[in-house]
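K.L.:
Fold the following for me, if possible:
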Amino acid sequence: ILTSLEKLEVAPPSPGQLRHVFFHNAVPFVGFGFLDNAIMIAAGTQIELSIGVVLGISTMAGAALGNLVSDLAGLGLAGYVEALASRLGLSIPDLTPKQADMWQTRLSAHLGKAIGVTIGCILGMFPLLFFGEEEEKLEEK
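P.N.:
The predicted model follows:
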C-alpha cells in the first residue's frame, strides 16, 4: 500500500526529457550568441575606425561601445530569434511543474544555454575574417 507521501512524489525527468530541455534551451542561445558577437565585433570595429579615430578613443572603448550597440540590437532581435527557434520545431518539453523545477531539469536548461551561447559566440566571430585587411590598410597610412 502506497502512503500519501509516496503518491505525491514525482519521478525525475527521463534522459530523453532532459535532452529535450537541453536542446530547447541551446538552440535559441546559439542564435543569441551569434548575433551578439557578430554585431559587437562589426560595430566595435566600425566605431573604432570612425568615431575612435576622430575622438581618439581606445580600442577597448570602441569595443565597449560596440557591446552597447550589440546589447541594444539584442533587445530588439530577441523575439525574432525565439520565433525562428519555434519555427524550427522546438516544442516545449512535456514536463510536470514539479519536474520542471527539479535540479536535473534546471541543470540541463543552464547547460543548454551555456553551450548554446558558447557555440553561437564562436560562430559569431566570423566578422574577424574580414576586418584584418582594413586595419592593416589604416596602419600603412
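
K.L.:
Which elements pack onto the lengthiest helix in the chain?
P.N.:
Assignment by DSSP state H gives helix 15-49 as the longest helix of the chain. When contacts are defined as 3 or more C-beta pairs under 8 Å, 6 or more residues apart in numbering; DSSP states H and E, helix 15-49 packs onto helix 59-87, helix 103-123, helix 128-140. For the C-beta atoms, the positions are set from N, CA and C on the backbone; glycine is no exception.

K.L.:
Pull out the buried residues from that helix.
P.N.:
17-18, 20-22, 24-48 (16 or more other C-beta atoms under 10 Å).

K.L.:
Could you tell me which other helices and strands the helix or strand following it packs against?
P.N.:
Note on helix 15-49: by DSSP states H and E, the next helix or strand toward the C-terminus is helix 51-55. With contacts defined as 3+ C-beta pairs under 8 Å, 6+ apart, the secondary structure elements packing on helix 51-55 are helix 59-87.

K.L.:
could you check the angle helix 103-123 makes with the helix it packs on?
P.N.:
Calculated by axes from the mean of the first three to the mean of the last three C-alpha atoms, to 10 degrees, helix 59-87 forms an angle of 120 degrees with helix 103-123.

K.L.:
quick check: angle from helix 59-87 to helix 15-49?
P.N.:
With the same axes, to 10 degrees applied, the angle from helix 59-87 to helix 15-49 works out at 140 degrees.
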